[in-house]
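Q: When you get a sec, could you give me coordinates for this:
(chains A, B and C)
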Amino acid sequence: MRLTLKVWRQKNKSDKGGFETYQLNNVDTHASFLEMMDVLNEQLIEENKIPVAFDHDCREGICGACSMVINGRPHGPLKGTTTCQLHMRHFNDGETVTIEPFRANAFPVLKDLVVDRTSFERIQQAGGYVSIGTGSAPEANNIPINKNDSDKAFDAAACIGCGACVAACKNGSAMLFVGAKVSQYALLPQGHPERNERVLNMVAVMDEEGFGGCTNTGACEAECPKEISVANIMRLNREYISAKLSVEKE
Amino acid sequence: MALDSKIPSGPLGEKWSQYKSSVKLVNPANKKKIDIIVIGTGLAGASTAASLGELGYKVKAFCFQDSARRAHSIAAQGGINAAKNYRNDGDSVYRLFYDTIKGGDYRSREGNVHRLAEVSVNIIDQCVAQGVPFAREYSGLLDNRSFGGVQVSRTFYARGQTGQQLLLGAYSALNRQVKEKSVELFTRHEMVEVVIENGKARGVIVRDLVTGEIQRHAAHAVVLATGGYGNVFFLSTNAMGCNTTAIWKAHKKGAFFGNPCFTQIHPTCIPVHGEYQSKLTLMSESLRNDGRVWVSKSKGDKRKPQDIPEEERDYYLERKYPSFGNLVPRDIASRAAKEACDDGRGVGETGMAVYLDFADAIKKYGQHVISERYGNLFEMYDKITGEDPYKTPMMIYPAVHYTMGGLWVDYNLMTNVPGMYATGECNFSDHGANRLGASALMQGLADGYFVLPYTIGDYLSGEILTGKIKTDSAAFNEAEKNVRAQIDKLMNVKGTKSVDYYHRKLGKVMWDKCGMARNANGLTEAIEEIKKIKSEFWCDVKIPGTANELNPELEKAIRVADFIELGELMCRDALHREESCGGHFRSEFQTPDGEALRNDDKFAYVGAWEYKGENQPQELHKEELVFESVHLTQRSYK
Amino acid sequence: MNWFSKFLTSTVGRKVVMSLTGLFLISFLLVHCSINALMFLNDGGLFFNEAAHFMATNILIRTIEIFLFLFLIIHILQSVAITRQNMKARTISYSGTSSTATSKWYSRSMGILGSLILVFLVIHLKDFFISSRFTDHLGLDNNGTPDMYSEVKEAFQNPAYAMIYIFSMIVLAYHLLHGFQSAFRSLGIYHKKYTPVIEFLGIAFSIIVPAVFAAMPIYFLLKK
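A: Numbers count the residues shown, from 1 in each chain, chains lettered A, B, ... in the order given. Predicted structure coming up:
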């Protein structure tokens, strides 16, 4: 199939950037979107142009590295799918495809389609863990965990940290990501001792990093490649309110 | 040079506990004065960095990804083994040890493997305490499933995303240390050289992948946890960024490379379908619990799978290996698939695939049970191929997945270069010639959480008086100069072919001649072809852009340059090992019914290769494997 | 009280404020709407006038009214703060467009819908609230109660004026359609069993209440 690609090109963080248009004449419908980008880059190299930089690694939909916005939608049009798992059979011959980086001020563009998502790292470092030292863990089966809770914790933990929720949100809000992280630990007994401090610290850093607030549009859930539920945002709200009301000292 | 594995003496079951209580320690006040560099933040790297940080060492951790959580351990699907015996099915530490040694076709060290089996139980405890959401039963207790090569259910899992959940656990432990300021984390930084001073590892040179800045980092010990080198084949189940550069640079600076030719070809991957293909996707081995592998009994059968009646199907694994059936170890399952396809009975458009059929399991348990077990894998298959595996059998074919070989390490996980360690997949230590399913996660975490934190004291206790290592020494100057020279050279080739062109070419040679089956002729040819690829690469590679910016083509070029050299060594190793064992199948050495024929008299050793200089063949050193507890038998899964 | 101000300025806390004030305004709408519905009784507005008079003079209601205005102002100020913060979080928008929307347009347009409602409120308060409360031009009905009914009737018999009202009620309906259930979400109330009930109530409320309000101008136009 033939495609016209409108790709965002930006040399570095301080460059203004803009769209460039490229023609691809022989795209295999079985190829993945990133394989199509590989073909584009091979073509650009041949034409002595600079290939398009984009983040990617596992290409199995699990590492969360790939991050582009395709025709206005993070990870493209297919529900529950990362860009790397999106295949060209979902596009039409002759179509014009617009490819942009994730847009959020907390995710500055580093080059072309590559954005800096270390703001997520800092949120996690603020409390996305259980303070258990290596070697001090009790026997694993000492605490049975209700299967329903454990399954819900898993559903939250399935987040791959790609940032599509932020990219999809008109407010650039990270609530789905933070909600998933907070939920995973809130649902498991192992996370309970630190649950209050965790949610307060993580939300504080989330705000410092310049993410917007949640206005419950639900766009994040719709675009999440792992279909993380907005129920996690409500749980985050609940955890935050209850932590605010119950902790004695902040 | 004699290789001392430093396996402690004493009965097998007591070696580790005795060693642990006698190994030298570093007292807490001194730990603060000791810097450690950890390269890689997968299961092995993150657990190593976190545990060392907890102990009080000053740790710097590096990864080339934009987040530590994206290391390729994340993609492991199936599970993690542990000898918990929760099923009451006769599992024990010894049985896990024995299965692993046997599964590895008796090419691994008894002492290391037993230690691995011992600490496996602690890993599960640790991960559960971190909040890893393992699969549970309605009782609220942990669930298990079985995996290839064993007859017990000892595999713990988190749907089809066990690696992700375990890595997120290790990553959370790492984050905690980052907050405590005991670990400093450098993302988008790639190690490009190791610094050796007076024979000891003293630091690394890294490249900031965003700015291209070359940085020096010094430490009292360097731990490499950079995973496997399966991408030498271009197409593999590894992530695009997985590379050999860190361990290859270490090798070129003196670290021996152990058993480089031992690669694991995973039997259940989605088949190759086009020229543009960039990677292969694994379908977890756990699928073989319920899926039945088959091809048609007749050659060139182009009927749809549904139209082939039961009696005309060849469930070849069940036929050839009745006691293990579809759950034979990976090397055997892979080779059997290759045989069927070579025999002209392969399925699909290319004829390079076999069926993995769930129809019987769906009939027996219902679709909801199968969906609960493998839902996300089925979805992934559907997404990639556009076919629904609930309705039509999956098509699978073997693909390069794991490399058992790696840097040679002793019992302390230290390479022969003092102060340089290797943990996880990048060392050669525990899996012999073939790794059993769900053992990679186990090894990565065992090394990082429960082995290295103890054993590293043995060396570091001698470093407490060293003081801060300086980065302005001659060794650092020299190392940085070399790095800059290499990058300049690459940027100045200004040739005509892209990096991928050479990588693909190398991959094809490796897959054809050093893949699932190898022979002396092919390997000899391969060595010559790779030499040619190397000289072409350095004359004609084209890298656009500059070195002082985010430049993925340059990153790839640095990696591929090392893959080319490694590929040659792999072929050399495969050529010298005149036997078949595990994943290393030399077609000249097989039993009459086509099974791997080991030669324990001549090859019961670890082949550790020493770098002898540019364009010189490496020198082989042998570490004889001593088996005190197990009896070497022909592996049989019949 | 540092924790409290921190709470009020955090993204989660801001939404809690929006939610609580919003829910209060919703409860006010219910009362307002019920009283207005009395106009449809065929008694020439006698009962309605009595109720309106009660609302305007009862000391408890008058006290609550102060809170009503307070919460309305907080709701507005907080929404301005949230909108500003959210606009700062994403300064560049996408140029690619998708044929399939992943969220409801009105959920993305609460600020605009809210602003339109504010414009309406200014008109509405000026004409009905200020004039009835602070001037004494209202006549008396047959029971000797101030005749709010005639005031309303007269106003709505102007078609342009009625149209503004009907349009504003449609805007209100969409604002409520998202706001009602969103308020519960911001408070962290979510349950597989009960959330569908809340959502159903939300939809019912968002349709019925504005419909009743909008029915008035239509009623009086037809009565002309």
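Q: quick one, what contacts the residue in chain A positioned nearest to chain B?
A: In chain A, no residue comes nearer to chain B than A:Pro144, which is 2.9 Å away by C-beta to the nearest C-beta. C-beta coordinates here come from the backbone N, C-alpha and C atoms, glycine included. A:Pro144 makes contact with B:136, B:139-141 under the criterion C-beta atoms under 8 Å, 6 or more residues apart in numbering or on different chains.
Q: Buried ones only from those residues, please, as a PyMOL command.
A: Selection of the buried residues among those in PyMOL, burial being defined by 16 or more other C-beta atoms under 10 Å in any protein chain shown:
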select buried, chain B and resi 136+141
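Q: Show me chain A divided up by domain.
A: A:3-111, A:118-246 (automatic domain parsing).
Q: Tell me which of those domains is the most buried.
A: Highest mean neighbour count among the domains of chain A (mean count of other C-beta atoms under 10 Å in any protein chain shown): domain A:118-246, with a mean of 22.
Q: And it, how far out from the chain middle?
A: Chain-centre distance of domain A:118-246: 13 Å, with C-alpha atoms, centre = their mean, to the nearest Å.
Q: Quote the end-to-end distance of it.
A: One end of domain A:118-246 to the other measures 31 Å (C-alpha to C-alpha, to the nearest Å).
Q: Tell me which helix or strand comes right after the helix or strand of chain C with the lowest mean pLDDT.
A: Ranked by mean pLDDT, DSSP states H and E, the weakest helix or strand in chain C is helix C:131-134, scoring a mean of 75. Downstream of helix C:131-134, the first helix or strand assigned by DSSP states H and E is helix C:148-156.
Q: by contact count, what packs against that next one?
A: Packed against helix C:148-156 by the contact rule (3 or more C-beta pairs under 8 Å, 6 or more residues apart in numbering or on different chains; DSSP states H and E) you find helix C:46-57, helix C:131-134, helix C:159-186, helix C:195-223.
Q: Pull out the buried positions in the last one.
A: Within helix C:195-223, the residues scored as buried using 16+ other C-beta under 10 Å are C:195, C:198, C:202, C:205-206, C:209-210, C:212-217, C:220-221.
Q: elements contacting it?
A: Against helix C:195-223 (3+ C-beta pairs under 8 Å, 6+ apart) you get helix C:11-37, helix C:148-156, helix C:159-186.
Q: again, but for the first one
A: With contacts taken as 3+ C-beta pairs under 8 Å, 6+ apart, helix C:46-57 sits against helix C:11-37, helix C:59-89, helix C:131-134, helix C:148-156.
Q: avg pLDDT for the second one?
A: Helix C:59-89 carries an average pLDDT of 95.
Q: wait, does it contact chain A?
A: Yes: with C-beta under 8 Å from any C-beta of the partner chain as the criterion, chain A is reached by helix C:59-89 at C:82, C:85-86, C:88-89.
Q: so how far is the next helix or strand along the chain from that helix from its chain's centroid?
A: Going down the chain from helix C:59-89, the next helix or strand is helix C:105-108, by DSSP H and E. Taking C-alpha atoms, centre = their mean, the mean C-alpha location of helix C:105-108 is offset from the chain mean by 17 Å.
Q: Which strands and helices lie in contact with helix C:105-108?
A: Where contact means 3+ C-beta pairs under 8 Å, 6+ apart, helix C:105-108 is packed against helix C:159-186.
Q: what about stretch B:549-562, near chain A?
A: Yes: applying C-beta under 8 Å from any C-beta, one finds stretch B:549-562 in contact with chain A at B:549-553.
Q: Grab the longest helix from chain B for me.
A: helix B:552-576 (DSSP state H).
Q: Report the buried residues of that helix.
A: B:552-575.
Q: which is the next helix or strand following it?
A: helix B:600-603.
Q: buried set for that following helix?
A: Buried, per 16+ other C-beta under 10 Å, within helix B:600-603: B:600, B:603.
Q: Name the residues that touch it?
A: Helix B:600-603 is contacted by residues B:106, B:577-579, B:581, B:632 when judged by C-beta under 8 Å, 6+ apart.
Q: go on, stretch B:610-623?
A: Applying C-beta under 8 Å, 6+ apart, the external contacts of stretch B:610-623 come out as B:1, B:3, B:5, B:251-254, B:256-258, B:408, B:569, B:572, B:576, B:605-609.
Q: What of stretch A:39-52?
A: With contacts defined as C-beta under 8 Å, 6+ apart, stretch A:39-52 is touched by A:5, A:7, A:9, A:22, A:24, A:27, A:31, A:37, A:112-113, B:276, B:498, B:500, B:542, B:544-545, B:552-553.
Q: so what's B:Val499 up against?
A: B:541-543, B:553, B:556-557, B:560.
Q: And the residues you listed, which two are furthest apart?
A: The distance between the two most remote of the contacts of B:Val499 (C-beta to C-beta) is 12.5 Å, for B:Lys542 and B:Val560.
Q: rewinding a little: now tabulate the helices and strands packed on helix C:46-57 in a markdown table and tack on mean neighbour count.
A: A markdown table is the format used below for the helices and strands packed on helix C:46-57 (neighbours: other C-beta atoms under 10 Å in any protein chain shown):
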| stretch | mean neighbour count |
| --- | --- |
| helix C:11-37 | 19 |
| helix C:59-89 | 15 |
| helix C:131-134 | 14 |
| helix C:148-156 | 19 |
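Q: mind giving me a markdown table with these and columns for distance to B:Arg504?
A: Compiled in a markdown table, the helices and strands packed on helix C:46-57 are given as follows (distance: least, C-beta to C-beta, whole Å):
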| stretch | distance to B:Arg504 |
| --- | --- |
| helix C:11-37 | 48 |
| helix C:59-89 | 42 |
| helix C:131-134 | 82 |
| helix C:148-156 | 77 |
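Q: What is the burial count for B:Glu614?
A: 7 (other C-beta atoms under 10 Å in any protein chain shown).
Q: Revised request: answer the last question for C:Ala101.
A: Here the number of neighbours of C:Ala101 (other C-beta under 10 Å) works out to 12.
Q: all strands of chain A, in order?
A: Listed in chain order, the strands of chain A (DSSP state E) span A:3-9, A:18-24, A:69-70, A:73-74, A:96-100, A:109-111, A:114-115.
Q: Do the fourth one and chain C come into contact?
A: It refers to strand A:73-74. Yes: if you take C-beta under 8 Å from any C-beta as the test, strand A:73-74 does meet chain C, through A:Arg73.
Q: cool, the second one as well?
A: Yes: part of strand A:18-24 sits close enough to chain C to count as contact by C-beta under 8 Å from any C-beta, namely A:Phe19.
Q: How about the third one?
A: Yes: remark: strand A:69-70 sits within contact range of chain C at A:69-70, by C-beta under 8 Å from any C-beta.
Q: What helices and strands are in contact with that strand?
A: Against strand A:69-70 (3+ C-beta pairs under 8 Å, 6+ apart) you get strand A:96-100.
Q: Only alpha carbons, please: show the strand it packs on as CSV.
A: Output of strand A:96-100 as CSV, limited to C-alpha atoms (Å, rounded to 0.1, in the frame of the first residue of the first chain):
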residue,chain,number,x,y,z
THR,A,96,-2.3,10.4,5.0
VAL,A,97,-1.1,9.6,8.4
THR,A,98,-0.1,12.3,10.9
ILE,A,99,2.6,11.3,13.4
GLU,A,100,3.4,13.5,16.3
